[in-house]
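Asks: structure, please.
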Amino acid sequence: MCPKPGGAHQEARVTRSERFVTLGIMLGIFMASMESTVVATAMPTIVSQIGGLASYSWVFSAYMLAATATVPLFGKLSDLYGRRKVFAVAMGLFLTASLLCGLARSMPQLIAFRALQGLGAGGLLPLAFIMIGDMFTVERRARMQGLFSSMWGLSSIVGPLLGGFLVDRVSWPWVFYINVAPGLLAAALIWRFFEADLAPGPARPTVDYVGAVLLTAGVVALLLGLFELEGGRAAPRLALAAGLFAALAWVERRAPDPVLPLQLFRLRLFAVACAQGLWSGWSMFGSLAFVPLFVQAVLRTSATAAGSTLTPMMLGWVSASILSTRFLLLRLGYRVLALTGMVSLSTGTLLMTRVGPDATRGYVMLAVTLMGIGMGLSVPSFMIAVQSTVSRRVLGAATSTLQFSRSIGGALGISVMGAVLAARLAGALRAEGIDPGTVSVNRLLDLLARAAAPALDGALRAALAGAIQGIFVVALLAALAALAVTMLAPGGRLALGPRPQDADAARPEPAGAVRPASAKP
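Replies: Now for the predicted structure:
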């Protein structure tokens, strides 16, 4: 049979579209994941020029609040209005805020613009993974997942180096301006070449505004309460968050098109994946906040050496992600990989519970590498499994909710473990005859660096080492909880055909479009 005229050309166009969209997605992932590390490197210089040291932490907290609160909203909006439009809005917010951050001349201005930047970032990452789920079949998504995961590892290495270079050789506003060119390119590529959006829905789609407001307000109240956990002023905000979430559950059960589809939690795989995301995020991201503190304060290394201790963790995460999705996922199944990952995470946190003043950086690197491998095996496995199970009509909500569970878990972990650290440190200092009121975690590094009496130096190090051991016990308990809920995941292999419940799988594609995952390869 002779090939149809133009068939080869059309296949080439499809391949070119996939390539360009993939490049746009990778740029979006890289920008959003690198932003925190770039800004962290520049913050001392920024504070020295515009002031506002007392509000230092809010530059990061405002970004985290906005980004975490809006993740489920962007996922649902992309289900209603299509991926391209919502991605363009998110990128527009992110780039506009980046320009404004560079123009900020006071700390309140910078905090406000960072909150706006967080609103955009809350859409970039989930939409990138949602579009991956739209574009590729399960087989191709598994093979390419490592490519996207590598952006996380690359950003963790490039971010601090780029931030330091821009601050030292150019000026600090360029840590924000540097986003503009790649952001515009990513938006242009996706707008031009991504054509796997859903079929047009009703002219005026139903938007769950009440649910959106309750969800956002509940998340903000929860995170604000968690930020105050160490100071003992969290109870009113946490109570408010509980009330808002209760009202959200009542509204979402009755909404015709809820922003947070509670029926998804009736799917055993989805419910287990979210629970695993919460507990593993608690263990992993909570630990990462305190590993550099231990290495710098207890092991007496430089800030650069403390930061580099986490590099093996990122390399382990990326390597395990590439190996599991490209070679093992379709052979072994997602459940085997997820369980293996949680065993690795639990082993790494168990090793960290044994750290003390006589520990070595090599020991810590081994432990965090095992933790990274655990996340690299489990996170993409659950993501691909969930995306292969749910309908495309709720793919955005499912993907963003799964990412949201890990973000909330990380916030819970950092806050609870910070409170445990403060409490244990105070007790250890009292046991050494030191008034806890004269020593804070924020001042501890400086006190250790300038301690004139070796006895005082040893007492502070021992007190901090004992306190940090306690927080890694909390991390271990969270990792074991993640392992336990992963055991509840249903078995079986991923379906390689169209998704179940997918009513739009047979919809014809426009010429040159990227095929959705539900189409036949």
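Asks: distance of residue 276 from residue 483?
Replies: Distance, residue 276 to residue 483, by C-beta to C-beta, to the nearest Å: 9 Å. No exception for glycine: its C-beta is placed from N, CA and C like everyone else's.
Asks: among these two, which residue is more densely surrounded?
Replies: residue 276 (29 against 23; other C-beta atoms under 10 Å).
Asks: wait, the more buried one touches residue 338, no?
Replies: Yes - using C-beta atoms under 8 Å, residue 276 is in contact with residue 338, at 7.0 Å.
Asks: need the residues touching each of those two.
Replies: Residues within reach of residue 276 and of residue 338 at once, by C-beta atoms under 8 Å, 6 or more residues apart in numbering, are 378, 382, 486, 489.
Asks: the last one - how many residues pack around it?
Replies: This points to residue 489. 22.
Asks: helix or strand: which one has the nearest residue to residue 104 once chain neighbours are set aside?
Replies: Closest residue in space to residue 104, ignoring its immediate chain neighbours: residue 110 at 4.0 Å, by C-beta to C-beta, 6 or more residues apart in numbering. Residue 110 is part of helix 107-135 when elements are defined by DSSP states H and E.
Asks: which residues does residue 420 contact?
Replies: So residue 420 contacts 467, 470-471, 474 (C-beta under 8 Å, 6+ apart).
Asks: can we see that at 6 Å?
Replies: 470-471, 474 (C-beta atoms under 6 Å, 6 or more residues apart in numbering).
Asks: next, format those as TSV and append distance to residue 405, pLDDT and neighbour count.
Replies: Below are those laid out as TSV (distance: C-beta to C-beta, whole Å; pLDDT from 0 to 100; neighbours: other C-beta atoms under 10 Å):
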residue	distance to residue 405	pLDDT	neighbour count
470	25	87	18
471	21	89	28
474	18	93	21
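Asks: how close does the closest residue to residue 58 other than its chain neighbours sit to residue 139?
Replies: Leaving aside its chain neighbours, residue 58 sits nearest to residue 111 (5.0 Å; criterion: C-beta to C-beta, 6+ apart). The gap separating residue 111 from residue 139 is 45 Å, by C-beta to C-beta.
Asks: ok, now residue 96?
Replies: 39 Å.
Asks: residue 115 touches residue 62, doesn't it?
Replies: Yes - assessed by C-beta atoms under 6 Å, residue 115 is found in contact with residue 62 at 4.1 Å.
Asks: any idea how far stretch 126-133 is from the chain center?
Replies: A distance of 14 Å separates the C-alpha centroid of stretch 126-133 from that of its chain, computed with C-alpha atoms, centre = their mean, to the nearest Å.
Asks: which residues outside that stretch are in contact with it?
Replies: Contacts of stretch 126-133 (C-beta under 6 Å, 6+ apart): 25, 28-29, 71, 74-75, 78, 83, 87, 387, 395-396, 399-400, 403, 517.
Asks: equivalent analysis for stretch 106-118, please.
Replies: For stretch 106-118, contacts defined as C-beta under 6 Å, 6+ apart pick out 50, 52, 55, 58-59, 62-63, 66-67, 94, 97, 100-101, 104.
Asks: in the stretch 51-200 of the chain, which spans are helices?
Replies: 58-81, 83-103, 107-135, 138-169, 174-177, 180-193 (DSSP state H, counting those that start in this stretch).
Asks: now render the ones you listed as CSV, adding mean neighbour count.
Replies: Shown next, in CSV, are those (neighbours: other C-beta atoms under 10 Å):
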stretch, mean neighbour count
helix 58-81, 24
helix 83-103, 21
helix 107-135, 24
helix 138-169, 19
helix 174-177, 22
helix 180-193, 18
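Asks: relative to residue 290, which of those is closest?
Replies: Among the helices of the stretch 51-200 of the chain, helix 58-81 comes nearest to residue 290, with 15.5 Å by C-beta to C-beta.
Asks: and the closest one with helix 107-135, angle?
Replies: 40 degrees (axes from the mean of the first three to the mean of the last three C-alpha atoms, to 10 degrees).
Asks: check what pLDDT residue 236 gets.
Replies: According to the prediction, residue 236 has pLDDT 86.
Asks: how many residues are close by it?
Replies: By other C-beta under 10 Å, neighbour count at residue 236 equals 12.
Asks: give me the element it is part of.
Replies: helix 235-254.
Asks: from the contact counts, what lies against that helix?
Replies: helix 209-227 (3 or more C-beta pairs under 6 Å, 6 or more residues apart in numbering; DSSP states H and E).
Asks: need the three-state assignment for residue 390.
Replies: coil (DSSP: H, G, I helix; E, B strand; the rest coil).
Asks: can you tell me how far it is from residue 484?
Replies: For residue 390, the distance to residue 484 - C-beta to C-beta - is 24 Å.
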